[in-house]
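Enquirer: Sharing a sequence plus its predicted fold:
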Amino acid sequence: MKCGIGIDIGSTCAKTIVLDEEKKILHRLLRPTGWSSVDTAREIRSSLCDLGVDMDRACVVATGYGRISVPYAHKTVTEITCHAKGACYIHGTGDLAAIDIGGQDTKIIAVTKGTVSDFLMNDKCSAGTGRFLEVMANTLGVSPEELCRMAAEGGNTTISSLCTVFAESEVISLIGRGEKRENIAYAVVDSIVQKVSSQAKRLGVSKQAVCLTGGLCEFDYLRQRLASVLHTQVEAKPDGRYAGAIGAALLASAL
């Protein structure tokens with residue numbers, strides 16, 4: 001069987017999707033990217049072989065920051081194209097706006113009839129990204145997942161700085177003043193939501209169906225807050241974090 005394989009090597013996690021000839025998902029692989037994308041790509045190939053995937057017959061498309069580090073890829077494609085295609089596959093429509101909150105950047109992608117019509121990408125600052133959430137969670141001594149759960153019980157606190165370094169200093173000051181952790185967690189999530197929604201509004205995403213992809217799509221409170229600020233429904237599905245890899249696998253299937 002000829003498989004279509006999509007490999008999305010991001011800044012923090014590497015996602016792999018294997019599609020069968022009917023474009024149904026056979027395998028999902030998720031691992032930390034680590035310090036070497038080359039080593040990660042090699043380990044992914046080894047894992048696929050262990051799963052019985054015939055790499056000699058398979059077509060591979062790589063995307064993400066580390067896409068050039070996959071020597072066995074038949075083609076490399078940008079994240080924007082792959083995330084758009086993957087989001088359409090996951091949500092079953094060719095008309096949507098995908099908000100991808102990744103480890104180091106945030107992508108807002110407008111898709112019309114299955115084709116990218118516009119996009120915005122924040123890749124010069126980690127504010128509003130998974131890295132921002134991770135840094136703040138570490139400062140509070142909790143996991144990112146726990147921070148989001150705590151945020152749902154907090155309120156009435158804000159973080160004014162858009163810079164991760166200065167925002168961390170604000171959090172430390174709030175801790176020093178004895179502010180409840182739930183309120184600080186609320187401020188952290190609100191800071192992310194305000195940053196992301198500001199980008200999304202510039203692209204006019206509320207005019208389309210909106211879906212959340214990337215690692216943070218699994219944090220339901222963040223999704224709810226984003227929907228509230230955008231004044232529209234924001235959908236998220238379990239395969240959302242694999243959107244880039246799914247899009248790459250679909251493109252591989254067409255080779």
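Expert: Received, thanks.

Enquirer: Going along the chain, name the strands of the stretch 101-250 of the chain.
Expert: 106-112, 115-122, 210-213, 234-235 (DSSP state E, counting those that start in this stretch).

Enquirer: buried set for the first one?
Expert: Residues of strand 106-112 classed as buried: 106-111 (neighbour count, 16 or more other Cβ atoms under 10 Å). C-betas here are computed from N, CA, C, even on glycine.

Enquirer: State whether residue 255 and residue 74 are indeed in contact, as I suppose.
Expert: Yes - if you go by Cβ atoms under 8 Å, residue 255 and residue 74 touch, sitting 5.9 Å apart.

Enquirer: Could you check which of the two has the larger neighbour count?
Expert: residue 74 (14 against 11; other Cβ atoms under 10 Å).

Enquirer: quick one on the thing from earlier: dump the strands of the stretch 101-250 of the chain into CSV; add mean pLDDT and distance to residue 193 as well.
Expert: Below are the strands of the stretch 101-250 of the chain laid out as CSV (pLDDT from 0 to 100; distance: least, Cβ to Cβ, whole Å):
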stretch, mean pLDDT, distance to residue 193
strand 106-112, 93, 11
strand 115-122, 90, 14
strand 210-213, 93, 11
strand 234-235, 94, 10
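
Enquirer: now those strands as TSV including distance to residue 183?
Expert: Shown next, in TSV, are those (distance: least, Cβ to Cβ, whole Å):
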stretch	distance to residue 183
strand 106-112	24
strand 115-122	26
strand 210-213	24
strand 234-235	24
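
Enquirer: Compare the ones you listed and give me the one nearest residue 227.
Expert: strand 234-235 (4.0 Å; Cβ to Cβ).

Enquirer: quick revisit: what's the closest of the strands of the stretch 101-250 of the chain to residue 20?
Expert: Ranked by Cβ to Cβ, the member of these that lies closest to residue 20 is strand 210-213, at 22.4 Å.

Enquirer: Within the sheet, what are the partner strands of the closest one, with directions?
Expert: strand 96-101 (parallel), strand 234-235 (parallel) (DSSP bridges).

Enquirer: quick one, helices of the stretch 51-200 of the chain?
Expert: Secondary structure of the stretch 51-200 of the chain (DSSP state H, counting those that start in this stretch): helices located at 79-91, 130-140, 144-151, 164-176, 181-202.

Enquirer: Could you give the separation of the third one from the chain centroid?
Expert: Centre-to-centre, helix 144-151 and its host chain are 17 Å apart (Cα atoms, centre = their mean, to the nearest Å).

Enquirer: hmm, who's touching it?
Expert: 130, 133-134, 136-137, 140, 142, 181-182, 185-186, 188-190, 219-222 (Cβ atoms under 8 Å, 6 or more residues apart in numbering).

Enquirer: out of the residues you listed, which are buried?
Expert: For the contacts of helix 144-151, a burial check counting by 16+ other Cβ under 10 Å picks out 130, 133-134, 136-137, 140, 142, 181-182, 185-186, 188-190, 219, 221-222.

Enquirer: Point out where the chain drops to low pLDDT.
Expert: 123-128, 162, 206-207 (pLDDT under 70).

Enquirer: Can you pull up the most central residue in it?
Expert: Among the residues of the chain, the one closest to the centroid is residue 214, at 1.7 Å (Cα atoms, centre = their mean).

Enquirer: That residue and residue 83, how far apart?
Expert: Relative to residue 83, residue 214 is positioned 8 Å away (Cβ to Cβ, to the nearest Å).
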